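# Build the 3D model from these lines:
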Amino acid sequence: MKIAFLHIAQVHVETFEALVQEIAPQCNRTHQSELLASTQTDGLMSIPAQTYEILEKLQTTVAVLCTCSTLGPLFDSFAQFNLKVVRIDRPLMEAAVKSGPKILIGICLESTRDATLALLNDCAKEAEDPTSLEVIMCDAAWPYFAAGDMKAFSAEIDRAIRQSIDQENTPDCIVLTQASMGVANDVLTDLGIPIL
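All right, here's what the predicted structure looks like:
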């Protein structure tokens, strides 16, 4: 079995390698991140042809997993015709909707906001579940990620999330919307709120 990952940054290779080793170590896998530079300079709609070429090369894979929230809408369009193309944040949002109506959404990059909220609203509509969303921008954390300081990155996400929680209006779950934000999971567990 062969799977492919399309990442926003090289740092995610280690994260997803660890997951594959834990869940399916016998899997062959490949990691690619060449779409990021084009997206950041020219926008999402500048890369459909390039993405199609990559997907053509990956036809022998069982699944192609997009780990980037920004690229998610583009992968949704490909997924309509190719069921093995999956954005990893879709199951995340489906789980958030099931967790309860009050959802706290943590986002580090403004560029991911629209794609994230559109996906969450789609999942809520499909499940026919009402949701109450609070978006927390953790943008002060991103420079630490860009500098490779994951400890400070995690600490800044932790600070922003904790500052936003009102004890009289506790969310049913906290959604860390970008794969990179997973590093903050352990420091937030003492809140007693499910973290997705």
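# In the protein, mark out all the helices, start to finish.
Using DSSP state H, the helices of the chain run over 11-23, 35-42, 48-57, 72-79, 89-99, 113-127, 142-146, 150-164, 185-188.
# The first one to helix 150-164, inter-axis angle?
In other words, helix 11-23. Between the axis of helix 11-23 and that of helix 150-164 there is an angle of 90 degrees, by axes from the mean of the first three to the mean of the last three Cα atoms, to 10 degrees.
# so what does helix 11-23 touch, helix or strand wise?
strand 2-6, strand 28-32 (3 or more Cβ pairs under 8 Å, 6 or more residues apart in numbering; DSSP states H and E). From N, CA and C alone the C-beta is placed, and that goes for glycine too.
# To Gly106, which of the ones you listed lies closest?
If you check each of the helices and strands packed on helix 11-23 against Gly106 by Cβ to Cβ, strand 2-6 wins as the nearest, at 22.2 Å.
# Quick check: closest non-adjacent residue to Lys84.
Ala63 (4.9 Å; Cβ to Cβ, 6 or more residues apart in numbering).
# Can you get me a residue count around that neighbour?
Using other Cβ atoms under 10 Å, the number of residues around Ala63 comes to 16.
# what's the spacing between it and Ala146?
To Ala146, Ala63 is 29 Å away according to Cβ to Cβ, to the nearest Å.
# Would you mark the buried spots in stretch 188-196?
188, 193, 195-196 (16 or more other Cβ atoms under 10 Å).
# Straight-line length of it, end to end?
Stretch 188-196 has its terminal residues 11 Å apart, counting by Cα to Cα, to the nearest Å.
# contacts for it?
Outside stretch 188-196, the residues that touch it by Cβ atoms under 8 Å, 6 or more residues apart in numbering are 92, 95-96, 99, 104, 158, 161-162, 165, 170-176, 185.
# Now do the contacts for the residue nearest to Lys84.
3-4, 84-86.
# Show me what it bridges to in the sheet.
Ile3 (DSSP bridges).
# how much space between it and Leu6?
To Leu6, Ala63 is 11 Å away according to Cβ to Cβ.
# Please convert the helices of the chain to TSV, extending it with distance to Ile136 and mean pLDDT.
Output for the helices of the chain, formatted as TSV (distance: least, Cβ to Cβ, whole Å; pLDDT from 0 to 100):
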stretch	distance to Ile136	mean pLDDT
helix 11-23	22	87
helix 35-42	23	61
helix 48-57	30	77
helix 72-79	19	79
helix 89-99	14	93
helix 113-127	11	91
helix 142-146	13	92
helix 150-164	5	95
helix 185-188	12	93
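# which one of those helices lies closest to Glu134?
helix 150-164 (6.9 Å).
# Quick check: buried residues in the closest one?
153-158, 160-161, 164.
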